[in-house]
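Undergrad: below: sequence and its predicted model.
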Amino acid sequence: MPAFAVWISLAVAAPQVAGAPQAAAASTEKAAPPEETGAARHPAINPGLGPVPTAVQRDTPEKAWRSFWMLGDFGEFALAAHLLDLSEVAPERQRAVGAEVAEKLYKILKALRLKPASFAGPAAKAGQPAVLPAGDTVAAFRFSRGQMSWEATLHRFVDPSSGQSEWLFSRQTVSIVPFWYQGIVVGEKFLQTEVNPGLGLAPDAVHRQNPRIALEGFLAAGRNGDFDQAAHYLDLSHVPPDRQQAEGRRLARRLMLIMLRQVWVEPSLVSSEELGTPQQGVQVNQQRIAEIKVKGHEFPFLMHCQFVQKLGTVWTFAPQTVGQIDYLYGALGNGWLGDHLPAVFFSVQFAGLQLWQWLSLLLILAGGWAFGWVLNAIILWIAKAAAARTRVRWDDELVRALDGPLGLIIWAFLVSLGAPLVGLTPTARQITSIGWSMLGLAGLGWLCFRAVDSFANAVRRLVGEKNPVGVGFLPIISRFAKAMVAVFILIAVLAVMGVEVMGLLAGLGIGGVAVAFAAQKTIENLFGAVSIAGDRPFAVGDYVTIDEVSGTVEDIGMRSVRIRTMPRTLVTIPNAMVMATKITNFQVRDRIIYNPTLTIAYGATSEQLAYIVDEIKRMLLADGRVHPEVQRVRFKGFSPSSLDIEVLCWISTTDQYAYTAIAEELNFGLMGIVERSGASFAFPTQQVYLTHAGAPDPERAAAIREEVKKRREDGTLTLPEPPAGLREKLRKQPGM
């Protein structure tokens, strides 16, 4: 039977029913309250109510009917809720809503003077079970007013765990209970003759028989820009009829813009029942479809039901919601443009978005780009001025690195702020969120790449001359750092796109361990290259000895070091081995040692030895190529076949070729000194002297004796140490 007919009769009969004395049920004697303890059955429906107590019997329609009466008599409406189909109520609200509906249904039964024996469905006969109907629905009770009648029904469900039938008051009955309560118990009248008379007759395309259809109709009309039609979905009872058409068009446009921007409602989540679904804290003829929070206050979006002659049930946006449209639009709307844009901006759609939304997105992109680069220029100008006042140069490099990436990041930030203002659909909002997130990640990756280059340039300037080996590794390190940045940016992009990156990272970790084992030697050599760059034991062009291999370093790579030997062969040594062995670098010497030992034949006198030592010291003092700090010439000792004189000094050069030339010249000088002294060099042999053959020349020995005596008397003898001022005096003599 149509709902409007029900309410016509209710409007006539409600006062009498509401005022009639309530007769007691046939079984007025109350037994003990039903036990709530015992084994509980797992709920097949209404999961928000929890397990079904054993006191609730619902395996047949009659048991469900009598169980509801018993629980109602004891006021156990929370338990009676288990006998209602609350499938359209959110699980977290089923307890409160179920208890409220159960109490109202019980009061309706009492107001109608029904009794437990008034069950309209099949009942069990004495000693025999009830014959269940072939269908899934039976009538629980019927009542009529005037010429109209209606009924409440029980519907069968099957428990998926046990396969047992469960009978509950149907969803349609639960939906209409609040209206029955208002009409029968409270005596309220809902019947109206017309809705929004100033709008005229509603077009055939306007459907308002339940909340979901009404919401879908309003959204469809709004997307098409037909706000005259959309106005029929508003309750304009507070507007004079002569102004309803203009005000309805304006308010419908504003409500559509508010919903697009802030309150996107999925119609599939709204009740499709003709009388809605009971909701806690909401009037019986209303449905809360969404909420919006503005300035710390929450505003519910409500639709309400009216019963209109010739139309039946009519759902529109409630007067409370319509009355707050102007306030919400002022706080969240689009201002003058939203009120005056031509309808084409709303009627033309692409990919689910209206034309004005596409144009707004393009404007946000273009404006964000322009404003982002202007803001980027301002920030860089301030940063450059601040960096110019400092003595360090890293801040200048940072400013140069920001030029470009900063504008991109600002652009992404501005787009993220502007895109939600357009009122996108959930899908479009997700796509735009991915877009500006990727734009920001691109700017961040660009900035990191530039920061790596700036760091490499700064390191090259600071340690370029001190550590050429490390500088040689900078390109490799820079590429590695950029690769790591690219990997992290890629992971972030995948996360933005909804890919589960934790599993991917776990897989990469396992794969990385396997690769590490397989490339163990390669990794060792790689770390060896890093160690060479850090310790700087040698550079390309140095003459070194590594693992008994001597030669000039030709190349230092990520895997090995290449050495060119004296025979012109090329020896390749792995970096890990290089860092594990002793390295001798001849190139880093500040001077080269000169350390010959003169072996004088036995038979030389002490004066001759003193002369030789003194002459050698004079020669070293007079030679400017000999390092002046340490010059030692000593009569070292007696060998089996010679008298040994050791010469120790350093040549002031690092060039091996130059050193050999200087050493050669000094060797000739030593040989001349020995010849002038009348002594001779010994051979590593043993001789037996039978005569005085090979004895020093008496005349030369006498002359040397006199010369040594003279030098000792003059104070110019260098034994044991050269006297002060002798070096300058000797260097001024001709031929020295």
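TA: Structure's in. What do you need?
Undergrad: list the buried residues of stretch 646-665.
TA: Using 16 or more other CB atoms under 10 Å as the test for burial, stretch 646-665 gives 647, 649, 650, 651, 652, 653, 659, 662. C-betas here are computed from N, CA, C, even on glycine.
Undergrad: mind listing which of the residues you listed are in strands?
TA: Under the assignment DSSP state E, those contribute 647, 649, 650, 651 to strands.
Undergrad: bridging residues for the last one?
TA: According to DSSP bridges, the partner residues bridging residue 651 are residue 592, residue 626.
Undergrad: gap between the residue positioned nearest the centre of the chain and residue 500?
TA: Centroid check for the chain by CA atoms, centre = their mean gives residue 492 as the closest residue, at 5.6 Å. Going from residue 492 to residue 500 by CB to CB, to the nearest Å gives 14 Å.
Undergrad: so who does the residue nearest to the centre of the chain touch?
TA: Residues in contact with residue 492 (CB atoms under 8 Å, 6 or more residues apart in numbering) are residue 441.
Undergrad: ok but it is inside a helix, no?
TA: Yes. Per DSSP: H, G, I helix; E, B strand; the rest coil, residue 492 lies within a helix segment.
Undergrad: what score does it have for pLDDT?
TA: Looking at residue 492, its pLDDT stands at 81.
Undergrad: from residue 485, how far out is it?
TA: Residue 492 sits 11 Å away from residue 485, going by CB to CB.
Undergrad: my guess is residue 677 meets residue 612, correct?
TA: Yes. Assessed by CB atoms under 8 Å, residue 677 is found in contact with residue 612 at 5.0 Å.
Undergrad: which residues do the two both contact?
TA: Between them, residue 677 and residue 612 share no contacting residue under CB under 8 Å, 6+ apart.
Undergrad: all helices of the stretch 601-736 of the chain, in order?
TA: Remark: helices assigned in the stretch 601-736 of the chain by DSSP state H, counting those that start in this stretch are 606-622, 656-677, 698-714, 726-732.
Undergrad: ok, now the stretch 301-450 of the chain?
TA: Applying DSSP H, counting those that start in this stretch to the stretch 301-450 of the chain gives helices spanning 319-323, 325-332, 335-340, 344-347, 355-388, 394-402, 405-418, 426-463.
Undergrad: could I get the buried residue list for the longest one?
TA: By that I understand helix 426-463. Across helix 426-463, burial judged by 16+ other CB under 10 Å covers 428, 432-433, 435-452, 454-459.
Undergrad: angle of it against helix 394-402?
TA: In terms of direction (axes from the mean of the first three to the mean of the last three CA atoms, to 10 degrees), helix 426-463 departs from helix 394-402 by 140 degrees.
Undergrad: run a quick neighbour tally on residue 203.
TA: Counted with other CB atoms under 10 Å, the neighbours of residue 203 add up to 12.
Undergrad: just list the residues touching it, thanks.
TA: Contact partners of residue 203, counting by CB under 8 Å, 6+ apart, are 229, 232.
Undergrad: quick one: what helix or strand has it in it?
TA: According to DSSP states H and E, residue 203 maps onto no helix or strand at all.
Undergrad: what separation is there between it and residue 680?
TA: Applying CB to CB, the value for residue 203 to residue 680 is 136 Å.
Undergrad: could you chop this protein up by domain?
TA: Here the domain parsing of the chain from automatic domain parsing is 3-189, 196-303+313-347, 388-504, 520-585, 592-732.
Undergrad: quick one, what contacts residue 240?
TA: Neighbour list for residue 240: residue 198 [criterion: CB under 8 Å, 6+ apart].
Undergrad: the helices of the stretch 601-736 of the chain: which one's closest to residue 215?
TA: Proximity to residue 215, assessed across the helices of the stretch 601-736 of the chain by CB to CB, is greatest for helix 656-677 (93.9 Å).
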